[in-house]
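**Student:** Fold the stuff below for me.
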Amino acid sequence: MVLGGETIALGQTLALLERIGTDRSLAGAAEALGLSYRTAWGRLQALEAALGQPLVVKTKGHGSVLTAFGAELRDALGTAMARLEVPLAEAGQVLQDRLARMLDAPKPALRLSASHDPLLMEWLAERTDPERRFEVTVAGSAVSVERLLAGGADLAGFHIGGLDGDAEPSPEPPFDQLFQPDGAFAVRALFRREQGFLLAAGNPLSIRSVADIATTRARFVNRQRGSGTRIWFDGLLRASGLPPTAIAGYGTEEFTHQAVAAVIASGAADAGMGVRAVADRFGLAFVPCGLETYYLGMRAGLAEDEGVTALVAGIRERSVRASGYQDGFA
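**Tutor:** I've put the predicted structure just below:
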């Protein structure tokens, strides 16, 4: 059967999906069918690209499992192959008809777990495409990536930055698992953004560094544990030889850049860490610490999804015009 320009071997594809569904292991399925892992994975990727739907998701600690669409395709293939009393071409037509109905059905919402970013959240709030919905959960970078790895999310928004802002660091766990050469996940860089200290208007305490936050006993409002911004701030503390107890308010946490900025703007805190864009929006002083890259990670089968490609293109385009952001990934 030819699908999307690809010749699909019905029997081989059915056997592969059935083994994954039973064994919950792509490597085990490949071995049982006498295929190399690369060959098995390549066939799945080709089929996912032709159908525009993910078929398999690797879940941390649980191997590989079929998506709902993958399970439905397995059943459809089984039905077609069971009709051995009719010509294969007719069985293929039955499958084509069923696939057409499957692909015409409304696509399920994509589960996006993302570290907070004003630009991303505004784009998601403004989009009106009914063909591909996003169910958005705001979480820290590490938490979002863990959810993607565990199969609890389809997409993860996360950011990585160096302490000097000049060089991109090598991804550490859990982020490094998305950059492995096995092709299980795809990563798209969306933009670079400027991170730094959000300070009361006019910077009355003359804060220029994390050491100044400690020595002035500035009232600090932190980001939650697991957020990329919190990871960066903790790195600044370590680089300065300061313990968290040196920061007044280190244990005070907020979950978004806007929330941190709002607390400072209200006068309830003197300093926090966040992106330049929210400092500008709330009329706060800003002392830059460096640049970081914000990424979108996903299962490889979603890399060419129309909704995902629209998100990537839309965010990159918007970042060109936004204060405190840089594009350069188009």
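**Student:** so where do the helices sit in the stretch 51-200 of the chain?
**Tutor:** 68-82, 88-104, 118-126, 141-150 (DSSP state H, counting those that start in this stretch).
**Student:** can you tell me which of those the model trusts least?
**Tutor:** Mean pLDDT values for the helices of the stretch 51-200 of the chain show the minimum at helix 88-104, a mean of 61.
**Student:** quick one, whichever strand or helix holds residue 20 and helix 68-82 angle?
**Tutor:** Counting by DSSP states H and E, the element that carries residue 20 is helix 10-23. On the basis of axes from the mean of the first three to the mean of the last three CA atoms, to 10 degrees, helix 10-23 is oriented at 130 degrees to helix 68-82.
**Student:** List the buried residues in helix 10-23.
**Tutor:** Neighbour-count burial for helix 10-23, counted by 16 or more other CB atoms under 10 Å, picks out 10, 13-21. Every residue, glycine included, has its C-beta placed from N, CA and C.
**Student:** Take these and write them to CSV, including pLDDT.
**Tutor:** Formatted as CSV, the buried residues of helix 10-23 follow (pLDDT from 0 to 100):
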residue, pLDDT
10, 66
13, 81
14, 82
15, 86
16, 89
17, 89
18, 89
19, 89
20, 89
21, 86
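**Student:** The residue nearest to the spatial centre of the chain and residue 13: what is the separation?
**Tutor:** Compute the mean C-alpha point of the chain, and by CA atoms, centre = their mean the closest residue is residue 156, 1.8 Å away. Separation of residue 156 from residue 13 (CB to CB, to the nearest Å): 29 Å.
**Student:** Residue 122: what's it in contact with?
**Tutor:** residue 318 (CB atoms under 8 Å, 6 or more residues apart in numbering).
**Student:** Pass me the low-pLDDT residue ranges in the stretch 201-330 of the chain, would you?
**Tutor:** 327-330 (pLDDT under 70).
**Student:** ranges for the strands of it?
**Tutor:** Assigned by DSSP state E, counting those that start in this stretch, the strands in the stretch 201-330 of the chain fall at 220-223, 253-254, 271-275, 285-299, 325-326.
**Student:** Would you mind telling me which of these is nearest residue 112?
**Tutor:** Within the strands of the stretch 201-330 of the chain, the stretch nearest residue 112 is strand 285-299; the backing value is 8.5 Å (CB to CB).
**Student:** Give me the angle between that closest one and strand 271-275.
**Tutor:** Using the same axes, to 10 degrees: strand 285-299 against strand 271-275 is 50 degrees.
**Student:** starting at the chain centroid, how far to the helix holding residue 20?
**Tutor:** Centroid separation between helix 10-23 and its chain, computed with CA atoms, centre = their mean, to the nearest Å, is 28 Å.
**Student:** And for stretch 16-28?
**Tutor:** The answer for stretch 16-28 is 25 Å, by CA atoms, centre = their mean.
**Student:** I'd assumed residue 261 was in contact with residue 282.
**Tutor:** Yes. Counting by CB atoms under 8 Å, residue 282 does reach residue 261; the two are 4.2 Å apart.
**Student:** so what sits against both of those two?
**Tutor:** Taking CB under 8 Å, 6+ apart as the contact rule, residue 282 and residue 261 both touch residue 198.
**Student:** and these two? which has more neighbours close in?
**Tutor:** Neighbour count, other CB atoms under 10 Å: between residue 282 and residue 261, residue 261 has more, with 26 against 19.
**Student:** who are the neighbours in contact with residue 25?
**Tutor:** Residue 25 sits next to 63-64 when contact means CB under 8 Å, 6+ apart.
**Student:** Let me know the pLDDT of it.
**Tutor:** For residue 25, the model assigns a pLDDT of 86.
**Student:** And for the one 4 residues further on?
**Tutor:** Model confidence at residue 29, expressed as pLDDT, equals 87.
**Student:** you'd agree it is up against residue 40?
**Tutor:** Yes. Counting by CB under 8 Å, residue 29 touches residue 40, with 6.4 Å between them.
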